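Participant: below are the sequence and a predicted model; questions follow.
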Amino acid sequence: MPSPRRIAADVTDLDVIQKIRNIMTGADYISLFNILHCEEPVELMKNATDLLKIRGRIGVIQWTQETERGPSLEIRPNQEAIIRWANEVGLILTKEVELPPHHFGLLFEKR
């Protein structure tokens, strides 16, 4: 079994995506941590999904609506929005977890 490889990258940058594809054929897991309040969250999720192997997973950790921490509520996505975006790009929700006191987690799988 090959050893795990950790890559920290901006998956909104197409040059970065190509560089990742040059060193690997598909990721087993990608983590999106507190970044889905960006300007183009669906594009970010699509690019991340495109880098996954079939049955690969994306884990999302995001601020809850209840906490005062994190970005302003106007730009902070809720669980329903993230699940909808994930479905749009071909991901299926497999698990939801509460990560108190400030976060929630969602696990998606590429089918």
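Facilitator: Cool, got the structure. Numbering: from 1, shown residues only.
Participant: count the neighbours of Ser31 for me.
Facilitator: Number of residues near Ser31 (other CB atoms under 10 Å) recorded here: 14. From N, CA and C alone the C-beta is placed, and that goes for glycine too.
Participant: identify all contacting residues around the lengthiest strand in the chain.
Facilitator: Residue-count comparison of every strand in the chain, with assignments taken from DSSP state E, identifies strand 52-63 as the longest. Judged by CB atoms under 8 Å, 6 or more residues apart in numbering, the contacts made with strand 52-63 from elsewhere in the structure are 25-34, 36-37, 45, 48-49, 69-71, 76-77, 79, 82, 86, 91, 94, 99, 102-111.
Participant: in strands, which of these fall?
Facilitator: Among these, DSSP E puts 27-33, 91, 94, 99, 103-110 in strands.
Participant: beta partners for the residue most central in space within the chain?
Facilitator: Ranked by distance to the mean C-alpha position of the chain (CA atoms, centre = their mean), the top residue is Leu32 at 3.6 Å. Beta-bridge pairing for Leu32 (DSSP bridges): Val60.
Participant: quick one: Arg5 and Met24 touch, right?
Facilitator: Yes - applying CB atoms under 8 Å, one finds Arg5 in contact with Met24, separated by 7.0 Å.
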